[in-house]
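Asker: Mind folding the following:
(chains A and B)
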Amino acid sequence: MTESTRRQFIQATGIATGAVAAAPMLLSTSAQAQWNNVPEKDAKLRVLRWSRFVQGDIDTYLANVKKFTEKTGIEVRVDNEGWEDVRPKAAVAANTGAGPDIILSTNDDANLYPDKLLDVSDLCDYLGKKYGGWYPACETYLKPDGKKWIGVPLGASGAIMVYRQSHLKAAGINSFPKDVDSYLKMFQALKAKGTPGGMALGNATGDSGWTHWLIWAFGGSIVDKNNKVVINSPQTIKALEYAKELYATFIPGTLSWLDPNNNKAFLDGQLSVTNNGISIYYAAKNSDNPSVKALAADIQHAPFPVGPVGSPTEYHLFFNQMIFKYTKYPNAAKEFLRFMMEEEQYGAWLQGAGGYVSHPLAAYGKNPIWTVDPKHTPYRDSVKNMRPAGYAGQLGYASAGAMADFIVCNMVAEAGSGAKTPAEAALRAQKRAERYYKT
Amino acid sequence: MLSRLQNSRNGLGLLFMLPATLLLIVFLTYPLGLGIWLGFTDTKVGREGVFIGLENYEYLWEDAVTRLALFNTLFYTFVASVLKFFLGLWLAVLLNERLPLKTFFRSIILLPYIVPTALSAIAFWWLYDAQFSIISWVLVKAGWIDNYIDFLGDPWNARFSVLAANVWRGVPFVAITLLAGLQTISPTLYEAAAIDGATAWQRFRHITLPLLTPMIAVVMTFSVLFTFTDFQLIYVITRGGPLNATHLMATLSFQRAISGGALGEGAAIAIAMVPFLLAAILFSYFGLQRRAWQQGGSDK
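Answerer: Model prediction:
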């Protein structure tokens, strides 16, 4: 199917993207990205995507879909599912060869069945060239062999630090810490002032992601480049010792926290610092309750501090867009994704999502959403600062399984709370991870 | 041919059983068989697996989280079932008395059972919240405690918290079923016993309990099965946390199979529950349904 697409493409244009990829000389001479694609006649598309996190997201998304239909005559049906339910559905679609033509899913889903997905290298090359290039994590996720794109990156739901400026000031901290030492000191100072911070350590699928940041920041990781499990390392143990000190400053109850807990506690004024998407700020700003609304002015955001490794190690929920090989309308599907990723549509969608989604293409850093409110700005670089879920190895069943089993999160919780020593917790994580990464 | 079939008792019998057999095969035997098969493979979501024999089970036996989940499940089932039985029996006996507003009480007692589990789980989640628990709030306001109780953050607190939620939800089922059983016991037996001068305890011990035993056997079998396979309460309240202290076999199976994509391993965890469930059923069949017991006698 891919081959025939390329052939049609060559016939239609004379300059195929496939040929462009094969001939770097052409690339350097053509500064302007080229796109030519003829959707199939009478094409109809079905799209399955994760449910909105904010209303503006789905509103603009559907407005864009409508625009696409008006422009091309291609009918598009969009279905929604909670993001955690999209994964099994997408896998079943891949396995049975029937289902939506396009699925918008999360993290390493595309790496579970790469051979079932349509090669979208031409589209990604085109978009990358036109919009300043893809951020590195996107390539790790969706260009696993370094040659072929198996999906089109959509962005990520940035989860960074959310804090109360007045509480930090009261604790003698004037700017948000940029390194892990002053970060710990900030938590300690806040605790001493009786206005503690806290981050989820329960089996929270999204908000426990900070535990990955922590391990990476100190140079630990579940696996090395060859997918060898190396979590039981001096770096990890250092991170866990740090976690112990950090946990001691947390508000009580974080071991049980699931995704909504920190939002509730923060909006209730009980929490000074936590990690989250922009949704806390969003909720405060749009609240009918005057005391909650007043919080919005005090809320500030900042990226996670950088650890001893010297570069950002953030973890965010990554969004992909996959076209399945079984689709009857591969060209129409590509056309749809191209249309949705073009400035006119994608820019509007970024704004609709209100900063909840961060872009995967560098050029969208100029989108007004990141400057219209200075509090949005720290979310801008989420994808840029992101590491993929199964860092530093290849993504696939093992990385997905290790993530779903909360291995890193449990390890940090065990060591942080003192239920196990850092060495014991790391050893246990090593054994659990080895199961997933067995050859 | 048709007339021969019409005249054949066996043939007709088979024909009439066909729809039920088909239903059982399609919706019961096939899924169970598939589950057993998957447990012997390394199937992933979206990828066919190959037969790997007992490897899943060998791994699970070594796996600390699975062992913990097994312990949690047995503990949860045992304690919850015992509590549900005694509270349920107590409630049933109370409701069987001549109470004012009897019908009213009998209907409201069913409320916890009627509320969708997911909703009652969310209610409990709030009750146990680390920051917003009304229980903690009341106790703090009353001056009994200084800090909010960490209901779900401490492993044992969390176990007892989800247990309480399960018992709250399960008691009405036991109570109402046992009440139905109580009402089938003829009042003349009690009258005769009263004439013989039996005390209330003797009446309960020698009339109520033996005659209620078949009902108890059935209701407790169901209660144990429901508790052992509980999923929703845990999934909503703790997702198996903290530190996997409340993971049950069912929630772990889901986590590994659906979220983690390891269908084979998840199926193996689910199938590992079957022997325990069978044991519970056999216990009820051969243990609680002994005829001698039911007739007020004892084992010889």
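Asker: all contacts plus neighbour counts: C-alpha atoms, from now on.
Answerer: Noted.
Asker: Contact partners for residue B:92?
Answerer: B:175, B:176, B:178, B:179, B:182 (Cα atoms under 8 Å, 6 or more residues apart in numbering or on different chains).
Asker: The same query, at a cut-off of 6 Å, please.
Answerer: B:175, B:178, B:179 (Cα atoms under 6 Å, 6 or more residues apart in numbering or on different chains).
Asker: Now do it against residue A:90, distance only.
Answerer: To residue A:90, residue B:92 is 49 Å away according to Cα to Cα, to the nearest Å.
Asker: Around the residue in the stretch 51-200 of chain B that chain A sits nearest to, how many other residues sit close by?
Answerer: Chain A sits closest to residue B:153 of the stretch 51-200 of chain B, with a gap of 4.4 Å, by Cα to the nearest Cα. Residue neighbour count, defined by other Cα atoms under 10 Å in any protein chain shown, stands at 26 for residue B:153.
Asker: I'd guessed it sits against residue A:252; true?
Answerer: No: at 8.3 Å, residue B:153 does not count as touching residue A:252 under the criterion of Cα atoms under 6 Å.
Asker: any idea how far the residue in the stretch 1-150 of chain B that chain A sits nearest to is from residue A:405?
Answerer: Closest residue of the stretch 1-150 of chain B to chain A, Cα to the nearest Cα: residue B:46 (4.4 Å). For residue B:46, the distance to residue A:405 (Cα to Cα) stands at 18 Å.
Asker: Poorly predicted segments of the stretch 201-300 of chain B, please.
Answerer: B:287-300 (pLDDT under 70).
Asker: I'd assumed residue A:141 was in contact with residue A:149.
Answerer: No: using Cα under 6 Å as the test, residue A:149 is too far from residue A:141 to be in contact (9.2 Å).
Asker: So between those two, which is more surrounded?
Answerer: Using other Cα under 10 Å, the more surrounded residue of residue A:149 and residue A:141 is residue A:141, with 30 against 26.
Asker: Quick check: chain neighbours aside, which residue is closest to that one?
Answerer: In this structure, residue A:141 finds its nearest non-sequential neighbour in residue A:108, 6.2 Å apart by Cα to Cα, 6 or more residues apart in numbering or on different chains.
Asker: mind checking the backbone torsions on that neighbour?
Answerer: phi -100, psi 20 (degrees, to the nearest 10).
Asker: How many residues are close by it?
Answerer: 26.
Asker: Ok, residue A:276 next?
Answerer: Neighbour count for residue A:276, taken as other Cα under 10 Å: 28.
Asker: Would you agree it is in contact with residue A:159?
Answerer: Yes: with contact defined as Cα under 6 Å, residue A:276 reaches residue A:159; the gap is 4.5 Å.
Asker: Tabulate the CA atom coordinates of the helix ranked longest in chain A in PDB.
Answerer: If you go by DSSP state H, chain A has its longest helix at helix A:55-72. Provided in PDB are the C-alpha atoms of helix A:55-72 (Å, rounded to 0.1, in the frame of the first residue of the first chain):
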ATOM      1  CA  GLN A  55     -13.100  21.800  26.200                       C
ATOM      2  CA  GLY A  56     -11.200  24.200  23.900                       C
ATOM      3  CA  ASP A  57      -9.200  21.300  22.600                       C
ATOM      4  CA  ILE A  58     -12.100  19.300  21.200                       C
ATOM      5  CA  ASP A  59     -13.900  22.400  20.100                       C
ATOM      6  CA  THR A  60     -11.100  23.600  17.900                       C
ATOM      7  CA  TYR A  61     -10.200  20.100  16.800                       C
ATOM      8  CA  LEU A  62     -13.700  19.500  15.500                       C
ATOM      9  CA  ALA A  63     -13.800  22.900  13.900                       C
ATOM     10  CA  ASN A  64     -10.600  21.900  12.000                       C
ATOM     11  CA  VAL A  65     -12.200  18.600  11.000                       C
ATOM     12  CA  LYS A  66     -15.200  20.500   9.700                       C
ATOM     13  CA  LYS A  67     -12.900  22.800   7.700                       C
ATOM     14  CA  PHE A  68     -11.100  19.700   6.300                       C
ATOM     15  CA  THR A  69     -14.400  18.200   5.100                       C
ATOM     16  CA  GLU A  70     -15.600  21.400   3.600                       C
ATOM     17  CA  LYS A  71     -12.300  21.800   1.700                       C
ATOM     18  CA  THR A  72     -11.800  18.300   0.500                       C
END
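Asker: which residues are in contact with it?
Answerer: Counting by Cα under 6 Å, 6+ apart, A:52, A:75, A:349, A:352, A:353 sit against helix A:55-72.
Asker: before we move on, the earlier item: can you name the residues that contact the residue of the stretch 1-150 of chain B closest to chain A?
Answerer: Applying Cα under 6 Å, 6+ apart to residue B:46 gives the contacts A:91, A:92, A:94, A:95.
Asker: quick check, nearest of the contacts of helix A:55-72 to chain B?
Answerer: residue A:52 (19.8 Å).
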